[in-house]
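> Sequence and predicted model, in that order:
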Amino acid sequence: MPPHAPLMAPSGRMDSNIVTIDVGGQIFQTTKQTLTAAGTKSLFSEIFHSPASAQIGVPFVDRDPDLFSVLLSLLRTGNLPSKAKAFDLQDLVSEAKFYGIESLLVSSQSNPSQFDAFNLEKSLILPLNGRDSPSAISTTTFGSVHVSHGSKITSFDWSLQRKSTILTRFFAVDSLLALSPSVAAAGATDFSGLQILDLENGYVKETLNWENVTKSSSTVQAIGSSPEFLFTSFESGRRNSNSVVVYDIGNLKPITEIGTNEIYGADLDSGIPATKLCWISRYNLLMASGSHSGPSGVSGNIKLWDVRSGNLVWELKEKVDCFSDVTVSENLSAIFKVGVNSGEVFFMDLRNLGAMNTWVSTGETRKVVNGKKEGAGSKIESHGNQVFCSKGGNLELWSEVLMGSPRNSEDGLQERVYRRNLMGRVKDMEGSRITHFSFGGNKMFVTRKDQQFVEVWQSSVRGF
């Protein structure tokens with residue numbers, strides 16, 4: 001017998017808004033509007049809009065009625081009922097796939113709108129195979145995550161229930177960017193070319209290279225993307241030239257190069273490749289940043305590029321308390337950095353782009369003692385209306401405080417005030433230095449030095 005088939009039903013129901021369906025011998029009744037929420041590609045659409053549906057009968061589906069009752073509640077309210085906790089999530093995922101409504105399940109359990117920075121708790125540990133620690137991490141919008149460790153990349157689906165690992169040609173993956181739940185771009189600083197990987201089937205779909213002047217290999221220093229473009233920062237194998245190549249994200253054809261540098265003599269400034277690329281959609285600009293540690297300390301630069309024209313819109317060269325890491329917040333319209341010497345968080349207001357040249361401290365500026373680099377190894381990322389900064393094994397959460405009586409600064413813009421919160425409970429922050437963190441769905445993923453696992457921090461949602 002097929003998984004669904006028509007059975008005879010009481011007469012007089014054809015014009016009713018009430019729909020009757022038999023699942024595994026148990027009768028369910030709902031409305032046409034509720035089943036419409038399943039979408040046109042669902043099994044329900046197939047059942048009630050196929051020629052067979054013209055027959056007078058109750059459709060029969062040979063599946064588990066208890067699991068169906070949970071998914072029917074999902075269709076009715078958009079949320080899972082409390083009784084869903086009695087089931088294995090993987091069973092619900094399998095059933096949702098069968099009915100063609102997995103996207104609704106994803107939306108109810110791992111929606112970015114459910115992310116609550118002040119309500120994050122460490123909820124799960126994702127173990128990685130082997131002895132290598134994570135070297136890069138990348139997430140998708142609804143919470144699937146890819147983690148590189150050694151020459152391997154391990155992927156977890158949005159439910160974190162399904163895990164798969166592939167072996168790459170790299171000795172170690174240094175840059176990783178999820179292009180979809182099953183495709184990623186990967187590169188390394190000691191291996192030529194950017195590889196587009198099919199993570200589901202474990203093969204290289206395409207390898208992209210930069211044709212530099214010296215005709216040497218081209219290693220990958222950073223990867224970024226926008227809805228239209230894929231950005232890759234390349235450095236020549238001889239380390240005497242670098243460039244950011246812009247590809248069409250659809251067909252992966254190169255469109256242009258920006259910020260191409262040829263290094264002559266001891267010109268170290270031009271010798272710094274971009275090691276972080278962030279797209280600023282509100283301004284249609286690409287932020288490229290990179291730093292270098294030398295005998296006189298750490299120096300670096302931050303550049304904003306107009307990708308379409310190839311013009312450099314803004315540039316800042318850093319020598320005093322250079323950034324350990326830098327990020328952009330679209331929601332807050334600001335660039336944030338963590339100083340490598342001070343360990344403090346600073347910002348510049350993007351609303352006054354042309355006049356940006358001075359960092360403003362988000363808190364009280366501390367004096368650097370004995371030249372110690374308080375911010376070495378610190379990472380900073382923005383998500384939503386907050387900025388997250390790692391310092392050692394701890395995570396700080398910075399938020400803008402809206403003032404009741406706003407004051408204007410010298411540039412005429414409202415003065416901005418930020419406040420810091422330490423994340424998690426004391427036991428959550430025990431452990432070695434945080435090396436990476438990323439966001440997907442309603443979760444934050446954290447990796448630590450010399451640890452072979454990924455921490456999952458999650459905002460509680462109804463269901464699981």
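Ah, there it is. Numbers count the residues shown, from 1 in each chain.
> Might you report the residue contacts of the residue most central in space within the chain?
Geometric centre of the chain, nearest residue: Thr139, 3.6 Å, by CA atoms, centre = their mean. Applying CB atoms under 8 Å, 6 or more residues apart in numbering, we find Thr139 in contact with Val145, His146, Ala178, Ser438, Phe439, Gly440, Gly441, Phe445. All C-beta atoms are positioned from the backbone trio N, CA, C, and that covers glycine.
> try 10 Å this time
145-147, 156, 158, 177-178, 181, 437-441, 443-445 (CB atoms under 10 Å, 6 or more residues apart in numbering).
> Pull the most distant pair out of those.
Across these, no pair lies farther apart than Pro181 and Phe437, at 19.7 Å, counting by CB to CB.
> Tell me which of those two has more neighbours.
Phe437 (23 against 20; other CB atoms under 10 Å).
> which element is the more buried one on?
strand 434-440 (DSSP states H and E).
> Check which helices and strands that strand is in contact with.
strand 134-139, strand 145-149, strand 175-178, strand 379-383, strand 386-391, strand 394-401, strand 443-448, strand 453-459 (3 or more CB pairs under 10 Å, 6 or more residues apart in numbering; DSSP states H and E).
> Let me see the mean pLDDT of the first one.
Per-residue pLDDT over strand 134-139 has a mean of 97.
> That strand versus strand 434-440: what angle between them?
Orientation of strand 134-139 against strand 434-440 (axes from the mean of the first three to the mean of the last three CA atoms, to 10 degrees) gives an angle of 10 degrees.
> how distant is strand 134-139 from the center of its chain?
10 Å (CA atoms, centre = their mean, to the nearest Å).
> which ones are touching the nearest residue to Leu124 once chain neighbours are set aside?
With CB to CB, 6 or more residues apart in numbering as the criterion, Leu124 has its nearest non-adjacent residue at 3.9 Å, and that residue is Val456. Residues near Val456 by CB under 10 Å, 6+ apart: 120-126, 143, 145, 156, 160, 440, 443-446.
> of all the residues you listed, which comes closest to Val93?
Leu160 (10.7 Å).
> Does that closest one touch Asn442 like I think?
No: counting by CB atoms under 10 Å, Leu160 stays clear of Asn442, with 11.8 Å between them.
> which neighbours do these two share?
Joint contacts of Leu160 and Asn442 (CB under 10 Å, 6+ apart) are Ser110, Gly143, Gln458.
> Quick check: beta-bridge partners of the last one?
Yep, that's Gln458 we're talking about. Counting by DSSP bridges, Gln458 is bridged to Glu121, Lys443.
> Relative to Val61, how far out is it?
33 Å (CB to CB, to the nearest Å).
> What of Ile47?
Following CB to CB, the distance that separates Ile47 from Val61 is 8 Å.
> now do Pro254
Taken as CB to CB, the span from Pro254 to Val61 is 50 Å.
> Can you check which helix is longest in this structure?
Scanning the chain for the longest helix, with DSSP state H as the assignment, gives helix 65-77.
> Deepest-packed of the helices and strands packed on strand 434-440, please.
Highest mean neighbour count among the helices and strands packed on strand 434-440 (mean count of other CB atoms under 10 Å): strand 145-149, with a mean of 26.
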